[in-house]
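> Okay, sequence plus prediction incoming.
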Amino acid sequence: KPGDDDLADKKHPFWDTQPVPSLGEELVVVPPDEQGPIDPPDIDAVKKEPYTLPPSFTWANVDLDDEVQAQELYSLLHENYVEDGDQMFRFDYSVPFLRWALQPPGFRREWHVGVRVAQTGKLVAFISCTPAELTCHGKRVQPGMPPSRAVTSEENKSGTPTDKPDAAPDSSAGSSSVVASDGVEGEVAPSKAAKDSIVEVNFLCVHKKLRSKRLAPVLIKEITRRVNMREIFQAAYTAGIVLPKPIARCRYWHRSLNPKKLIEVGFSRLAPRMTITRTLKLYALPDTPATRGLRPLRESDCADCCAKLNTFLQRYLLTPQFSLEEFKHWMLPQPNVVYSYVVEDVETKEITDMLSFYALPSSILGNEKHSTLHAAYCYYYFNLKTPLSKLMTDALILAKRADFDVFNALDILDNSTILKDLKFGIGDGHLQYYLYNWRCTAVQPQEVGLVLL
Ligand code: NHW
């Protein structure tokens with residue numbers, strides 16, 4: 001997601017009306033008792049009818065189980081989603097990736113919000129969200145909720161139930177919400193399971209031909225309304241641009257795996273006084289991982305690994321917590337989507353470490369030789385025994401072996417301790433983290449434990 005600080009000094013006619021801290025607001029130290037919702041939850045104030053779109057457009061939920069609709073969303077994003085500042089690359093999320101990203105436990109089809117041209121049916125805009133559990137400065141981001149339902153190592157050891165109740169039964173079927181002819185749910189029963197969550201918002205996209213017409217604020221208000229209808233009043237999201245107001249400002253770092261191709265497509269440049277031969281040597285990696293006992297994550301590892309990951313993530317000030325069902329969804333390997341490995345101690349059989357990365361290619365715009373940049377992105381890990389530099393080197397080797405051209409990581413988690421040693425170079429953009437309707441002290445990148453796709 002490209003960096004762009006230009007908006008920082010501008011007025012924000014839309015965002016200035018929303019429950020977010022303003023850009024001028026000081027978030028260096030927000031006292032604990034002032035951390036929490038900006039607007040109190042008020043279900044009665046939630047508008048019951050969808051927001052009005054400009055004439056000739058209609059709301060239409062996108063059903064990713066439907067091949068045609070999944071392909072339509074893919075095409076909208078393939079042609080119109082995030083580009084880098086120089087317009088050389090554009091994210092190219094695959095259909096299986098979109099299904100993975102948008103259909104976790106508890107997902108709702110009404111939160112896959114599309115806008116179509118009424119006459120032609122063409123999909124021209126989209127926004128989505130999925131439920132998640134988030135902790136910020138040790139506090140659940142969702143007021144008045146019982147303590148975490150997520151499983152931790154301590155709970156796991158003491159044998160307490162390790163999973164939250166099933167997600168709302170109607171979550172994947174979409175059948176219990178009354179869907180009107182314009183594709184918007186009518187009457188909505190509050191869902192108990194969903195109330196435990198906040199939402200993570202992603203894939204906001206408006207067709208290039210419809211930009212700067214204030215459609216984005218309508219999409220954001222409509223998804224907010226649909227989430228509020230489920231009695232959820234907080235959200236998390238990231239963006240390359242500066243909006244009111246980031247809770248964290250992070251940077252992407254890039255580790256070349258296929259330096260020749262990266263140079264050919266203009267992703268990187270030959271460093272001064274470097275030849276291509278020396279560059280290839282600099283970034284060369286062994287063929288096989290070095291850590292004994294490293295193997296793909298299996299279903300039978302999940303209860304243990306979920307608990308260990310949740311406990312590990314509690315070191316960070318902004319962090320998700322996963323139920324077992326969510327962990328399985330997000331971590332179990334899927335080719336070309338998500339890759340997860342564990343280290344099993346060869347003597348004790350105990351799992352001591354986990355690493356994962358996800359596959360997010362970018363289209364290469366206007367290059368005759370190459371059309372796709374295969375990028376792996378560092379995802380969640382825990383390391384209870386293996387040093388992080390060794391674990392991450394294995395991640396690089398595995399990504400290289402799976403034919404990725406570059407391995408990307410943010411300076412979140414403990415990543416900044418190893419990035420330079422592992423020959424990552426800093427990218428030119430920032431990635432801002434935001435919370436909607438939640439005021440709290442801003443955090444440093446190394447205090448962020450949340451990865452959004
Ligand atoms: S960030 C990726 C966003 N998508 C892209 O960059 C794709 C390419 N760009 C586009 O499609 C990951 C358009 O440029 C978009 C804006 C649609 C971005 N977040 O319609 P107008 C996410 O998906 C504000 C939030 O004329 P446009 C996270 C902008 O500041 N706001 O612009 C999404 C201005 O408001 P202001 C953004 O260029 C999180 C207004 O939109 C934004 O035609 C969403 C202008 O609208 C962005 N990335 O369309 C928030 N980009 O006040 C979720 C621009 O400054 C909030 N804007 O005048 C929580 C909701 C749920 C709450 C639940 C309780």
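Here it is on my side, so go on.
> Could you verify my assumption that Q314 touches T152?
Yes - using C-beta atoms under 8 Å, Q314 is in contact with T152, at 7.3 Å. Quick note: C-beta positions are derived from backbone N, CA and C, even for glycine.
> For the two, list the residues in contact with both.
Q321 (C-beta atoms under 8 Å, 6 or more residues apart in numbering).
> With neighbour numbers in mind, choose between the two.
T152 (20 against 17; other C-beta atoms under 10 Å).
> residues in contact with the more buried one?
T152 touches A307, N310, T311, Q314, Q321, counting by C-beta under 8 Å, 6+ apart.
> Give me the pLDDT for it.
At T152, the model reports a pLDDT of 72.
> which parts of the stretch 1-150 of the chain sit against the ligand?
K1, H12, P13, F14, W15, N80, Y81, V82 (C-beta under 6 Å from any ligand atom).
> residues in contact with L210?
Each residue near L210 by C-beta under 8 Å, 6+ apart is listed here: V124, A125.
> separation between D421 and K390?
11 Å (C-beta to C-beta, to the nearest Å).
> ok, those two, which is more surrounded?
K390 (18 against 11).
> Report the spatially nearest residue to the residue of the stretch 351-453 of the chain found nearest the ligand, omitting neighbours in sequence.
Per C-beta to the nearest ligand atom, the residue of the stretch 351-453 of the chain with the smallest distance to the ligand is Y436, at 3.9 Å. Once flanking residues are discounted, Y436 sits nearest to A235: 3.9 Å by C-beta to C-beta, 6 or more residues apart in numbering.
> isn't that neighbour right next to V227, touching?
Yes - the pair A235 / V227 is scored as a contact, 6.8 Å apart, by C-beta under 8 Å.
> Mind listing the shared neighbours of the two?
Residues within reach of A235 and of V227 at once, by C-beta under 8 Å, 6+ apart, are C129, V199.
> okay, these two: which has more neighbours?
Neighbour comparison, A235 and V227: the larger count goes to V227, with 25 against 22 (by other C-beta under 10 Å).
> Can you give me the distance of K208 to N80?
Distance of K208 to N80, given as C-beta to C-beta: 5 Å.
> For these two, indicate the residue with more neighbours.
Shown here are K208 and N80; by other C-beta under 10 Å, N80 has more neighbours (19 against 9).
> so what's the more buried one up against?
C205, V206, H207, K208.
> List the beta-bridge partners for the residue nearest to Y436.
Beta bridges link A235 to V199, Y436, judged by DSSP bridges.
> ok, now which ones touch it?
C129, I198, V199, E200, V201, T224, V227, L435, Y436, N437.
> how many other residues sit next to A70?
For A70, the neighbour count with other C-beta under 10 Å is 18.
> Contacts only, for it.
Contact partners of A70, counting by C-beta under 8 Å, 6+ apart, are V62, D63, L64, V95, L98, R99.
> Return the distance of it relative to the ligand.
18 Å (C-beta to the nearest ligand atom, to the nearest Å).
> so T135 makes contact with V141?
Yes - under the criterion of C-beta under 8 Å, T135 makes contact with V141 at 6.8 Å.
> Among those two, which residue is more densely surrounded?
Taking neighbours as other C-beta under 10 Å, T135 and V141 compare with V141 leading, 27 against 22.
> got the contact list for the more buried one?
L134, T135, I198, Q234, A236, L435, W438.
> So for the closest residue to it other than its chain neighbours, what's the pLDDT?
Nearest residue to V141 in three dimensions, chain neighbours excluded: L134, at 4.4 Å (C-beta to C-beta, 6+ apart). Turning to L134, the model gives it a pLDDT of 97.
> cool, E67 as well?
So, for E67, pLDDT stands at 98.
> ok, it to V95 distance?
E67 sits 8 Å away from V95, going by C-beta to C-beta.
> Give me the more crowded residue out of these two.
Remark: of E67 and V95, V95 carries more neighbours, 13 against 10, as counted by other C-beta under 10 Å.
> Now the more buried one: phi and psi?
Backbone geometry at V95, expressed as degrees, to the nearest 10, gives phi -60, psi -50.
> Next, the contact list for it, please.
Applying C-beta under 8 Å, 6+ apart, the residues near V95 are A70, Q71, Y74.
> And for P41, nearest residue in space, chain neighbours not counted?
Distances taken as C-beta to C-beta, 6+ apart place F233 nearest to P41, at 4.6 Å, with adjacent residues excluded.
> end to end, how far does stretch 441-453 reach?
With C-alpha to C-alpha, to the nearest Å as the measure, stretch 441-453 spans 24 Å from end to end.
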